[in-house]
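Enquirer: build me a model:
(one chain, ligands or ions: 1)
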Amino acid sequence: MSAAAQIPQTHDLVDARHLAPHRNEIWPAHLVQGAGIARAVAALTEGGAGLDGRREVLAVHPSSKAPVLGLAPSTAVSFGVLLPGERTRLRRRNATSFTMGLGGSAVVRVGARELSVGLRDSWNTPGMHAEQLENRGDQPFTYVSYSNAPLLQRLEVLFEELDPKTSGGVSGGGERGAGTGARAKDVAGQAIPLGDDGSMLLPYEHLVDPDFVDSRPLLWRWEDVKPHLGLVRALKQGYTGRPLWCLYNPATGTRNGTTSSFFATIASAGPNIVGPAHRHVSSAINFILEGSGFSIVDGVRLEWAAGDIMLSAPGWSPHGHGMGPDGALILTVQDHPLHIGAESLIWQEDLKDGPILTLGAERGFETNLRQMRGEDAR
Ligand SMILES: [Fe+2]
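Expert: This is a model prediction of the structure:
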């Protein structure tokens, strides 16, 4: 602060030589208890829905400052309920989201796709694909949803419209991909190599019509996911990886995501398994579906059980998780793909003297999976 005070206030140029090094204000681990969430969701059923036709409560970290509310700096988490016969308004945003059903059933329209979802079924909503939820059943439909809206709010570029004229998506009858004939980028020509180190020149037309991946709404049916959980559940203490599956969306390519910003994983860990302490700049939010356990984050121990949701790995905080006597089933959402896209995903598996690797930009870590499988075969 004292260095900053030396800078003349009338200037919009700052002498960087006297600035103190930036200090990250890391949000501490934070747990929102399931009982409180259940009470809030029950209260949502009373009174009317919001302007968007939704009944949602946000799980908010105490360090989060309105109007940008999240459980992690990049991640908004909402619990919602839709009463029988209710339908939300069509909503289109440039934010992307991942949602899991927690009870009841609904029909979800995302872009041109219609999905029937029930307990623990989950889906992604790509950017600019309009989404609408409808409860055609006789029980309330409850869900948890994660969006990267806080990131866009911080960039002051969150776009949102209700009842849009187009539902979005390449196959959604919208304006996307509507061009016909030769693409201007092809008319303009390819990149021109300069020198011999890979540097190139690219025509403008490529900037306004980059090659793209068709980003689609996908459905991960719980009945399809569940049969695969036994394989990771069988991994015993001593495995240096994590007993989980990523709900993978191939459109995210090498960013290994569920959405362009987040991966969602389902971990199924056996009784009393304790995972290794490690750290990464991606933030992790754990929602406990079954079981119980504990986490030690930055030296602080937190006990958790089914229904709880927690910021379990604030960016770059050392952390590790241990399972209770019945093991645990955990949905983890982490802003890993976002960081790979920014080439900022640094990760350290061994806190003692292990390397800090930039995942997605160099070869990453190994695990002892081969040994573990060998032991299992004996
Ligand atoms: Fe972690």
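
Enquirer: any idea whether the residue lying closest to residue 108 once chain neighbours are set aside is helix, strand or coil?
Expert: The shortest distance from residue 108 to any non-neighbouring residue, by CB to CB, 6 or more residues apart in numbering, is to residue 115 (4.6 Å). Quick note: C-beta positions are derived from backbone N, CA and C, even for glycine. Applying DSSP: H, G, I helix; E, B strand; the rest coil to residue 115 yields a three-state assignment of strand.

Enquirer: which residues of the stretch 201-350 of the chain fall in strands?
Expert: Applying DSSP state E, counting those that start in this stretch to the stretch 201-350 of the chain gives strands spanning 219-220, 244-246, 263-269, 279-280, 284-297, 300-305, 309-313, 319-334, 346-348.

Enquirer: which elements pack onto the last one?
Expert: If I follow you right, that is strand 346-348. Packing contacts for strand 346-348, counted by 3 or more CB pairs under 8 Å, 6 or more residues apart in numbering; DSSP states H and E, involve strand 279-280, strand 357-358.

Enquirer: and these as TSV, adding mean pLDDT?
Expert: As requested, the helices and strands packed on strand 346-348 are exported to TSV (pLDDT from 0 to 100):
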stretch	mean pLDDT
strand 279-280	97
strand 357-358	98
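
Enquirer: among these, show me which one is buried the most.
Expert: strand 279-280 (a mean of 22; mean count of other CB atoms under 10 Å).

Enquirer: okay if I get the strands of the stretch 201-350 of the chain as TSV plus distance to residue 191?
Expert: Formatted as TSV, the strands of the stretch 201-350 of the chain follow (distance: least, CB to CB, whole Å):
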stretch	distance to residue 191
strand 219-220	37
strand 244-246	33
strand 263-269	31
strand 279-280	33
strand 284-297	37
strand 300-305	50
strand 309-313	39
strand 319-334	34
strand 346-348	29
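
Enquirer: so for residue 42, which of those sits nearest?
Expert: Distance to residue 42, taken as CB to CB, is lowest for strand 309-313 among these, at 16.5 Å.

Enquirer: can you list the strands that the closest one pairs with?
Expert: Partner strands and pairing direction for strand 309-313 (DSSP bridges) are strand 30-32 (antiparallel), strand 284-297 (antiparallel).

Enquirer: give me the contact list for it.
Expert: 27-32, 34, 37, 59, 61, 71-72, 77, 144, 279-280, 282-288, 295, 297, 302, 304, 319, 321, 332, 334 (CB atoms under 8 Å, 6 or more residues apart in numbering).

Enquirer: are any of these buried, and which?
Expert: For these, a burial check counting by 16 or more other CB atoms under 10 Å picks out 27, 29-32, 34, 37, 59, 61, 71-72, 77, 144, 279-280, 282-288, 295, 297, 302, 304, 319, 321, 332, 334.

Enquirer: from residue 351, how far out is the one residue sitting closest to the centre of the chain?
Expert: The residue lying closest to the centre of the chain (CA atoms, centre = their mean) is residue 262, at 2.7 Å. Using CB to CB, to the nearest Å, residue 262 is found at 25 Å from residue 351.

Enquirer: residue 29 too?
Expert: In this view, residue 29 and residue 351 are 16 Å apart by CB to CB.

Enquirer: any weak-confidence spans in the stretch 151-300 of the chain?
Expert: Where the stretch 151-300 of the chain drops to pLDDT under 70, the residues are 169-179.

Enquirer: for it, which segments count as helices?
Expert: With DSSP state H, counting those that start in this stretch as the criterion, the stretch 151-300 of the chain has helices at 184-188, 204-208, 222-225, 229-233.

Enquirer: ok, the nearest residue to residue 361 once chain neighbours are set aside - contacts?
Expert: Once flanking residues are discounted, residue 361 sits nearest to residue 343: 5.2 Å by CB to CB, 6+ apart. Counting by CB under 8 Å, 6+ apart, residue 343 makes contact with 358, 360-361.

Enquirer: same question, residue 213
Expert: By CB under 8 Å, 6+ apart, the residues touching residue 213 are 251, 253.

Enquirer: one more time with 6 Å, if that's ok
Expert: Taking CB atoms under 6 Å, 6 or more residues apart in numbering, we find residue 213 in contact with residue 251.

Enquirer: now it: how far from residue 62?
Expert: Taken as CB to CB, the span from residue 213 to residue 62 is 37 Å.

Enquirer: same question for residue 325.
Expert: The separation that residue 325 has from residue 62, given CB to CB, amounts to 31 Å.
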